[in-house]
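Engineer: let me see the structure of the following:
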Amino acid sequence: MRPVPYELLAGVALDLCLGDPRWLPHPIRALGRVIERVEAAWRATGLKLRVAGALFWFTVMTVATGFVVVSTLLIPRPYSYVYWIYALLAIRDLDFQSWRVITAVHAGDLAAARERLSWIVGRDTISLDEPEIVRAAIETVAENLSDAVVAPLFYLALAGPVGMAAYKAANTMDSMAGYRNERYRDFGWFAARADDLANFIPARITAALVCLCALLPGFRFRDAVRVTLRDGGSQPSPNAGWPEAAAAGALGVQLGGVNYYHGNASAKPYLGDPSEPLTAGIFPKVRLMLYATSAVALAFVVGSIA
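Structural biologist: Prediction:
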């Protein structure tokens with residue numbers, strides 16, 4: 001069942017006020033431990049890896065959504081709904097984690113910036129200079145605008161907290177098992193394809209919302225639209241390039257290029273044009289883009305459930 005507007009607004013308010021404090025147990029961290037145990041159990045069956053990977057996905061999805069269903073039956077509304085909306089959104093934490101990286105850059109402490117960046121990205125960070133640190137931070141904010149904000153709100157509007165939890169479970173499984181390396185190429189195939197499907201519409205909605213917010217002073221609306229249409233589909237991922245291309249155009253920067261993962265180079269097509277330098281000074285615009293896009297997405301969802 002979908003929430004009513006005041007439940008949604010209360011959950012968002014809690015997210016903006018509290019974020020994700022490490023002292024507070026979080027369901028996504030618990031889900032990560034569940035995923036590890038379920039993966040080990042299905043691998044131990046000896047089934048073909050693609051079959052075991054598909055059964056792994058369905059098992060985790062059943063556990064995650066079942067837990068939310070039970071909790072909403074045991075804990076009365078609005079408390080259960082407000083909690084799940086708060087727990088499964090990450091607006092404040094996305095801002096907090098990325099801004100911690102940039103404050104270290106502002107302070108001239110690139111070692112601290114690299115370490116903090118390593119907590120939120122998968123690429124190697126040990127040798128990144130300021131432009132590459134800033135690029136990684138912008139790409140993370142842009143991609144997670146979809147994964148951590150727009151997509152959860154989209155599925156909340158469709159199916160309530162259960163829909164939101166189903167999306168987050170699919171997204172977390174992809175982040176843990178959706179790799180193309182030897183260990184996960186077959187086992188994680190189903191999780192990766194399911195996440196691609198789950199993000200197909202939200203990623204494009206996110207890009208459209210970023211373009212809309214680029215009408216604000218200081219942004220580049222025409223470039224946001226142009227770069228989104230030109231570069232959004234250029235990345236290996238069918239979805240990540242859309243919000244990143246919109247952000248690159250809106251900010252007038254160039255994203256993409258070569259990243260290193262465990263010492264191995266991975267080259268991706270460029271997104272956008274290098275009209276503005278990649279310096280820490282551009283990040284206030286990134287934060288404004290994050291909150292403006294989140295606000296517009298929230299307004300649409302409130303309107304849809306009112």
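Engineer: dump stretch 247-264 to CSV, keeping only the CA atoms.
Structural biologist: Only the C-alpha atoms of stretch 247-264 are listed here, as CSV (Å, rounded to 0.1, in the frame of the first residue of the first chain):
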residue,chain,number,x,y,z
ALA,A,247,24.9,16.5,-14.6
ALA,A,248,28.0,17.1,-16.8
GLY,A,249,26.0,19.3,-19.2
ALA,A,250,24.3,21.2,-16.4
LEU,A,251,27.6,21.9,-14.7
GLY,A,252,29.6,22.5,-17.9
VAL,A,253,32.2,19.9,-17.0
GLN,A,254,33.5,16.7,-18.6
LEU,A,255,33.1,13.4,-16.8
GLY,A,256,34.1,9.9,-17.7
GLY,A,257,37.5,8.8,-18.9
VAL,A,258,39.9,6.3,-17.4
ASN,A,259,39.4,4.7,-14.0
TYR,A,260,41.5,2.1,-12.3
TYR,A,261,40.1,-0.9,-10.4
HIS,A,262,42.6,-3.0,-8.4
GLY,A,263,45.3,-1.6,-10.6
ASN,A,264,43.6,-2.4,-13.9
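Engineer: so which bits of that stretch are buried?
Structural biologist: 247, 248, 249, 250, 251, 252, 253, 254, 255, 256, 259 (16 or more other CB atoms under 10 Å). Using the backbone N, CA and C atoms, a C-beta is placed for each residue, glycine as well.
Engineer: out of the residues you listed, who's nearest residue 146?
Structural biologist: Proximity of the buried residues of stretch 247-264 to residue 146 was ranked by CB to CB; the top entry is residue 247 with 10.6 Å.
Engineer: other SSEs contacting the helix or strand that contains that closest one?
Structural biologist: Per DSSP states H and E: residue 247 is located in helix 241-251. Under the contact criterion of 3 or more CB pairs under 8 Å, 6 or more residues apart in numbering; DSSP states H and E, helix 241-251 touches helix 130-144, helix 189-213, helix 221-231, strand 255-261, strand 264-271, helix 283-305.
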